[in-house]
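**Q** fold the following.
(one chain, ligands or ions: 1)
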Amino acid sequence: MSEAPRADVAARPFREAVVDLGAIRDNVAHLARLVTPAQAMAVVKADAYGHGAVPVARAALRGGASWLGVADLAEAVALRAAGIDAPVLAWLHDPDAAFAAAVEHDVDLGVSSLAQLEDIARAAAPVGRPAMVHLKIDTGLSRNGVAPEQWGDVVAAAAELERAGRIGVRGIFSHLANTSEQADAAQLASFERALAVASAAGLAPEVRHIASTAGALRRPESRYDLVRLGIGIYGIPPFGDGTTAAELGLRPAMTLRGRVAAVRRVDAGTGVSYGHAWRAQRPTTLALVPLGYADGIPRQASDRAEVLLGGARRRVAGRIAMDQFLVDVGDDAVAVGDEVVLFGDPATGAPSADDWGDAADTIGYEIVTRIGPRVPRTYVGGP
Ligand SMILES: Cc1ncc(COP(=O)(O)O)c(C=O)c1O
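**A** From the prediction side, this is the model:
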């Protein structure tokens, strides 16, 4: 027979990602003010970069976002199922996507090819309402989006379908590669040419958009009518150049923490964790942290990343395993049950998600997005 969880354990989880919805709201408000008169879209794809799509979407709308953005149609429909009725755009589609659901749920669709445009128009017909689309031009990311050589055909077909009442072209958009000032300028010039071709074909979209967080912050000319804000609303800088969240007026929303599961004193020379890739140089104390690569903690950060424990930064000692890793606390006193913060707001002394990104040769985006389902999300700062 299983025992009921002890109340104190339930109150202080073994591992958790605490998401500050007040930080999300404030980050959106700050960025929305910065980009005004352009509108702000909160990008909540991939479960809001691991933070939880529905609570984050609500907090972002409270902060002044007027649009929500997701990759897949299923993510958009999940927002609708939660009762969120703000404008939503979904832009990355399964070739067999049930586009009728988008029309039924009032979800706008990004369009990246003529075939997709035709599929969407066909799916909308039985619903009896036009599908709302945003035509996507590839201006140089070479990823999704209509290739410039096909743009003329796509806008001509879209204009005809719009006149027939089968679709509405609400937007035209693209995505910057954030490569260099020069490369971004070339993409913006290409976007301008695409807009001119669309206008000549008779299209007059309500929103033109190309900027994500980086463009919104550093390239005012890229803001157009709408900016798609992802990483910035989570309080993580987009630049990877050492600029901090605080310098951008942002606050990290996610704190990943756990409680020390075991404490062990070891002698000099003791091998630690798989492969004994780390050995104690002196007698020292090790604290066991109950998070591992199953929870999205990158094994690559073994021996490099730091955590906040007992008021100080401590380094990971040895390999990060599936469920756990050790940190070296020297001769300091730590106890089973002490709080250990892997990352959070550096203003509290904790490492940032970007610090973990640096330790794992990746970016803060990947660190927060990969936090696994075994880690409960706990919300603070909500209404
Ligand atoms: C098409 C599109 N727009 C906007 C964003 C948001 O970008 P960021 O998180 O850098 O603000 C993304 C995220 O990758 C995206 O794919």
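**Q** where in the stretch 101-250 of the chain is pLDDT low?
**A** Along the stretch 101-250 of the chain, no part satisfies pLDDT under 70.
**Q** now the closest residue to the ligand within it, nearest residue through space, not along the chain?
**A** Per C-beta to the nearest ligand atom, residue 230 is where the stretch 101-250 of the chain lies closest to the ligand, at 2.3 Å. C-beta: built from backbone N, CA, C; applies to glycine. Excluding the flanking residues, the one nearest residue 230 by C-beta to C-beta, 6 or more residues apart in numbering is residue 43, at 3.6 Å.
**Q** the one you found: how many residues sit nearby?
**A** A count of nearby residues for residue 43, using other C-beta atoms under 10 Å, gives 27.
**Q** hmm, residue 227 and it touching each other?
**A** No - using C-beta atoms under 8 Å, residue 43 is not in contact with residue 227; the gap is 9.9 Å.
**Q** and the residue of the stretch 101-250 of the chain closest to the ligand, how many residues sit next to it?
**A** Neighbour tally, residue 230, other C-beta under 10 Å: 21.
**Q** buried residues of the top helix by length along the chain, list them for me.
**A** Secondary structure of the chain per DSSP state H: the longest helix is helix 181-200. Within helix 181-200, the residues that qualify as buried are 184, 187, 188, 190, 191, 194, 195, 197, 198, counting by 16 or more other C-beta atoms under 10 Å.
**Q** follow-up on the earlier one: which strand residues bridge the residue nearest to residue 230?
**A** Note on residue 43: beta-bridge partners by DSSP bridges are residue 69.
**Q** and the strand or helix carrying residue 378, what's buried?
**A** Element membership for residue 378 (DSSP states H and E) is strand 377-380. Buried residues in strand 377-380, counted by 16+ other C-beta under 10 Å: 377, 379.
**Q** from the contact counts, what lies against that strand?
**A** The contact analysis (3 or more C-beta pairs under 8 Å, 6 or more residues apart in numbering; DSSP states H and E) places strand 377-380 against strand 15-20, helix 21-35.
**Q** go with 10 Å
**A** Helices and strands touching strand 377-380, by 3 or more C-beta pairs under 10 Å, 6 or more residues apart in numbering; DSSP states H and E, are strand 15-20, helix 21-35, helix 53-63, strand 254-259.
**Q** what angle sits between the third one and helix 21-35?
**A** Between the axis of helix 53-63 and that of helix 21-35 there is an angle of 50 degrees, by axes from the mean of the first three to the mean of the last three C-alpha atoms, to 10 degrees.
**Q** tell me which element residue 101 is part of?
**A** Assigned by DSSP H and E, residue 101 falls in helix 99-104.
**Q** what's the closest non-adjacent residue to residue 38?
**A** Nearest to residue 38 is residue 223, by C-beta to C-beta, 6+ apart, at 4.2 Å.
**Q** can I get the buried residues of helix 181-200 in a markdown table with distance to the ligand?
**A** As requested, those are arranged in a markdown table below (distance: C-beta to the nearest ligand atom, whole Å):
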| residue | distance to the ligand |
| --- | --- |
| 184 | 13 |
| 187 | 13 |
| 188 | 15 |
| 190 | 16 |
| 191 | 13 |
| 194 | 16 |
| 195 | 17 |
| 197 | 21 |
| 198 | 18 |
